[in-house]
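Undergrad: Any chance you could fold what I've pasted below:
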Amino acid sequence: MSRNHLSIAAAGAMGVVILVCSTADLARAQAFANVKSALVDYSQSDVEPRMACASLESFKDKEIAKLQARVVPAAADAPSHCRVSGILAPEIGFEVNLPARWNRRFYMIGNGGHAGEGPDDPGRASQRSGALQLGFVMATTNTGHDARKEPQATFVLSNPQKAIDYAYRAVHLTATMAKRIANEYYAKPVAHSYWNSCSNGGRQGLIEAQRYPQDFDGIVANAPWVDQTGFTIGALWNQRALTEAPIPPEKLALVAERVMAQCDRIDGLADGLIDDPRRCDFDPARDVPSCAAGTDSAQCLTPAQASTLKKIYGGAVSAGRPYFPGFMYGSEAMSAGPGPNGASASGWLNLIVQRQADVKAADFSLAESTMKYLVFTEPKPDYDFRTFDFDRDIGLLDRWGKLANANNPDLSGFNKRGGKLLMTYGWADSILMPMMGVNYYERALEKNGPKTTDFFRLFMIPGMAHCGGGVGPDRNDAVTAVIDWVEKGQAPESLIASKVVGGQVVRTRPLCPYPQVARYKGQGSVDEAANFSCMAPRR
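TA: Numbering: from 1, shown residues only. Below you'll find the predicted structure:
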């Protein structure tokens, strides 16, 4: 998985878009894995259409600019179904897939990065097939542009409305239109609606809960891009530091080794996982060998390089105060990489730290495109990030933040109508800063009161990178958990995550509702979830 992430990132600007979309697919790949043990059998599909598929082309709505409907024959990975595709004004591409036998549930996935994916992109097509096999009506949108023609955030140059559609409008419009089409086709209303997505798709899920609480009954928001503008400032901060004192890729293995040596045992168990990096006391200048004055090698850090690392871990600072969180200890860990024979590579490589000077790191590329095309009312394609003043220019991003950020902690509307929200985040994420998810959850707890956990729970995942990958167990079925929560009232007390290597499960571990952590019971293999229990963290 990491090999795909990193090789895609090296493809350049367009590759960044694909990279964040592809990583978003990893966590979703486990959707429905636990269908056989679910409290509700959502695979039971007995509702049949009440009209011909082609008749849906006559479906009318003022928002529809174009509509087509056709029967897709059965294939090895999906049953025969009716596929409706069209355009919602001005250019929102959407697709609705309606199975021949329906389970009365609606399922929708989101977008990575700056969106613009097509419905037949491999990761999205596989998710469509999985949902159709179980009888879900399934929908997607490109949010108003085609990334192959308008890469990253350049879509605003052709029509400023596309910024609004990307920020929040397209998902809402697609969800409501898709459900209306399903109701027409089957002559029965949708009984339950579910959202499952990661990264920017996680942001979209939170936006739905905050702005349009009626759209979905259950939302799985994996590694959500909660604060798009905060992330942008943080990525510019990191790039400024790396420009002034680069970290050579070959030194990342040294840093990762020293971080793990310092942090692995803080939970009382030497298992190659850091269950809560906030508890680790690590200082690059103290805990990594320092290069002698006037020398440099892969086995030491210069003072300037140690300072750069501190800035990346510590996060952006404005007016002398912390402004946005940095990346966590352990996110730089070595895992299967792009080298020969699956050689290890750091989680930061090509995402935070450039492999080569002429290819931008993914985080910076996303942030730079956001600055150039979305932050300013009039896009500035020639904007130079080096002119950004972290004390003076923070407010430049306020306008865009009001449109795109998913950081409103008031979820009272979503709670009042019975919605359930399950959020996950990998502690070793090296694309989005995990603390933006933790901080949002804690603000939501404060805003919505002590009963917030009745409808909203966060699961932090030790060792997992962005939406999947990393050194820790990274596969789990949060979708079945949220369906059980919505339809049977069973709140998830834990999720079981697994690590698969070479097609074999090599480790399982329970994921616990934050702030609980998984603690070893003292007997049995540390690679088996049954030997752990969820407990309050040690103080």
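
Undergrad: Convert stretch 299-315 to CSV, retaining C-alpha atoms only.
TA: Taking Å, rounded to 0.1, in the frame of the first residue of the first chain, the C-alpha atoms of stretch 299-315 are listed here in CSV:
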residue,chain,number,x,y,z
GLN,A,299,23.9,8.7,10.9
CYS,A,300,23.4,12.1,12.6
LEU,A,301,21.5,15.4,12.5
THR,A,302,22.9,18.8,12.1
PRO,A,303,21.5,21.4,14.5
ALA,A,304,19.5,23.0,11.6
GLN,A,305,18.0,19.6,10.7
ALA,A,306,17.0,18.9,14.3
SER,A,307,15.3,22.3,14.4
THR,A,308,13.3,21.4,11.2
LEU,A,309,12.1,18.2,12.8
LYS,A,310,11.0,20.1,15.9
LYS,A,311,9.0,22.4,13.7
ILE,A,312,7.3,19.6,11.9
TYR,A,313,6.4,17.8,15.2
GLY,A,314,5.5,20.9,17.0
GLY,A,315,3.2,22.5,14.4
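
Undergrad: tell me the mean pLDDT over that stretch?
TA: On average, the pLDDT along stretch 299-315 is 98.

Undergrad: go on, stretch 95-110?
TA: 98.

Undergrad: The nearest residue to residue 272 once chain neighbours are set aside: neighbour count?
TA: In space, not counting the residues next to it along the chain, residue 272 is nearest to residue 471; the distance is 6.0 Å by C-beta to C-beta, 6 or more residues apart in numbering. In short, each C-beta sits where N, CA and C put it, glycine included. Burial of residue 471, expressed as a neighbour count using other C-beta atoms under 10 Å, amounts to 25.

Undergrad: Look up how far residue 127 lies from residue 471.
TA: Relative to residue 127, residue 471 is positioned 25 Å away (criterion: C-beta to C-beta, to the nearest Å).

Undergrad: try residue 353
TA: 31 Å.

Undergrad: who has more neighbours, these two?
TA: More neighbours surround residue 353 than the other of residue 353 and residue 127, with 24 against 21 (other C-beta under 10 Å).

Undergrad: for the residue nearest to residue 272, what are its contacts?
TA: When contacts are counted by C-beta atoms under 8 Å, 6 or more residues apart in numbering, residue 471 is found next to 272-273, 333-335, 428, 463.

Undergrad: Residue 279 versus that one, what's the distance?
TA: Between residue 471 and residue 279 the computed distance is 18 Å (C-beta to C-beta).

Undergrad: Flag the shaky bits of the protein, pLDDT-wise.
TA: Within the chain, the set of residues satisfying pLDDT under 70 comprises 1-29, 336-343, 539.

Undergrad: ok, now how distant is residue 517 from residue 469?
TA: Going from residue 517 to residue 469 by C-beta to C-beta gives 21 Å.

Undergrad: Compare neighbour counts for the two and give me the winner.
TA: Neighbours were counted for residue 517 and for residue 469 using other C-beta under 10 Å; residue 469 has more, 26 against 20.

Undergrad: right, and the more buried one touches residue 345 too?
TA: No. Taking C-beta atoms under 8 Å as the definition, residue 469 is not a contact partner of residue 345, at 10.9 Å.

Undergrad: In the chain, which residue is most central in space?
TA: Averaging the C-alpha coordinates of the chain gives a centre point, and the residue nearest to it by C-alpha atoms, centre = their mean is residue 199 (2.1 Å).

Undergrad: what's the span of stretch 445-456, first residue to last?
TA: Stretch 445-456 has an end-to-end distance of 9 Å (criterion: C-alpha to C-alpha, to the nearest Å).

Undergrad: May I have the phi/psi pair for residue 446?
TA: Torsion angles at residue 446 (phi, psi; degrees, to the nearest 10) stand at phi -70, psi -40.

Undergrad: Name all residues that make contact with it.
TA: residue 409.

Undergrad: Now the phi/psi pair for the nearest residue to residue 297 once chain neighbours are set aside, please.
TA: With C-beta to C-beta, 6+ apart as the measure, residue 291 is the residue that lies nearest to residue 297, at 6.6 Å, once sequence neighbours are left out. The phi/psi pair for residue 291 (degrees, to the nearest 10) reads phi -70, psi 140.

Undergrad: What is the neighbour count of residue 291?
TA: Other residues within reach of residue 291 by the criterion other C-beta under 10 Å amount to 17.

Undergrad: What of the one 5 residues further on?
TA: Number of residues near residue 296 (other C-beta under 10 Å) recorded here: 13.

Undergrad: repeat for residue 43
TA: Residue crowding around residue 43 was assessed by other C-beta under 10 Å; the count is 14.

Undergrad: hang on, isn't it packed against residue 135?
TA: Yes. Counting by C-beta under 8 Å, a contact exists between residue 43 and residue 135, whose distance comes to 6.6 Å.

Undergrad: so what sits against both of those two?
TA: With contacts defined as C-beta under 8 Å, 6+ apart, the residues adjacent to both residue 43 and residue 135 are residue 103.

Undergrad: Now for the nearest residue to residue 187 once chain neighbours are set aside: which residues touch it?
TA: Beyond its immediate neighbours in the sequence, the residue positioned closest to residue 187 (C-beta to C-beta, 6+ apart) is residue 50, lying 4.0 Å away. Counting by C-beta under 8 Å, 6+ apart, residue 50 touches 185-187.

Undergrad: sec struct for residue 50, please.
TA: The three-state assignment at residue 50 reads coil, by DSSP: H, G, I helix; E, B strand; the rest coil.

Undergrad: Next, it: phi, psi?
TA: phi -120, psi 10.

Undergrad: any idea how far it is from residue 183?
TA: On the measure of C-beta to C-beta, residue 50 and residue 183 end up 10 Å apart.

Undergrad: now do residue 244
TA: Relative to residue 183, residue 244 is positioned 58 Å away (C-beta to C-beta).

Undergrad: How about residue 354?
TA: Residue 354 sits 50 Å away from residue 183, taking C-beta to C-beta as the criterion.
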